[in-house]
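Asks: Any chance you could fold what I've pasted below:
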Amino acid sequence: MKQDLRDLFKMEEENVKPLPDTHRTEFIQKLNATKSSKVDKTIFYKVAASLVLFLAIGYLMVNTLNVKDKHVSSLELQIEQVETQYLSNIEIEWERFLKLTKDEKLIQRYKQKLESLDKEYQDVSKSFKANTNNILIIESLVENLQTRLQLLKNIQAHIKLLNQKTNDYETTI
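Replies: Below is the predicted model of the structure:
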């Protein structure tokens, strides 16, 4: 079964039909037809890939915004809880202050200070609602509440001290 490869090629060359004269133009037409169908398929794939990409990005953005809203909501809830706790403590301290003193000028002066601090708090609160992710604004909110509460505690300590001195003087007279 040994054959010379050269003989095989010679036999094949003998069986080769001559190409028609229009072969070249037919080949170019067929080549162009396959290119256009490939281009059509390529455009289709590009459009489909773009559509999938936009849908994926849109989905991720919606999920990110929802997670951010949930995070902001929990942060806002925590701020509201702290605010409620401080405001109730401030109210309790204010009532104690009113019970301890009868001096209207002192009451009026501290009431103005507390109102001033409350106005500042409202301004900072508006800033917080506009920018809930700023830690400095949150710290300002808490600091304002702490300042008001500490002011009331200082007033009470001062009044207690004055009342003790007054009671000491009354008992010695």
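
Asks: what about the helices in the chain?
Replies: 5-14, 23-100, 104-130, 135-172 (DSSP state H).

Asks: Serialize the ones you listed to CSV and add fields for mean pLDDT and mean neighbour count.
Replies: All C-beta atoms are positioned from the backbone trio N, CA, C, and that covers glycine. Formatted as CSV, the helices of the chain follow (pLDDT from 0 to 100; neighbours: other CB atoms under 10 Å):
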stretch, mean pLDDT, mean neighbour count
helix 5-14, 72, 9
helix 23-100, 74, 11
helix 104-130, 83, 13
helix 135-172, 75, 14
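
Asks: now the residue nearest to K160 when sequence neighbours are not counted: how far from T64?
Replies: Distances taken as CB to CB, 6 or more residues apart in numbering place L100 nearest to K160, at 7.0 Å, with adjacent residues excluded. Distance, L100 to T64, using CB to CB, to the nearest Å: 53 Å.

Asks: next one: I155
Replies: I155 is 48 Å from T64, by CB to CB.

Asks: before we move on, what about V142?
Replies: Applying CB to CB to V142 and T64 gives a distance of 28 Å.

Asks: go on, L87?
Replies: Taking CB to CB, one finds L87 at 34 Å from T64.

Asks: can you check N134 too?
Replies: The separation that N134 has from T64, given CB to CB, amounts to 19 Å.
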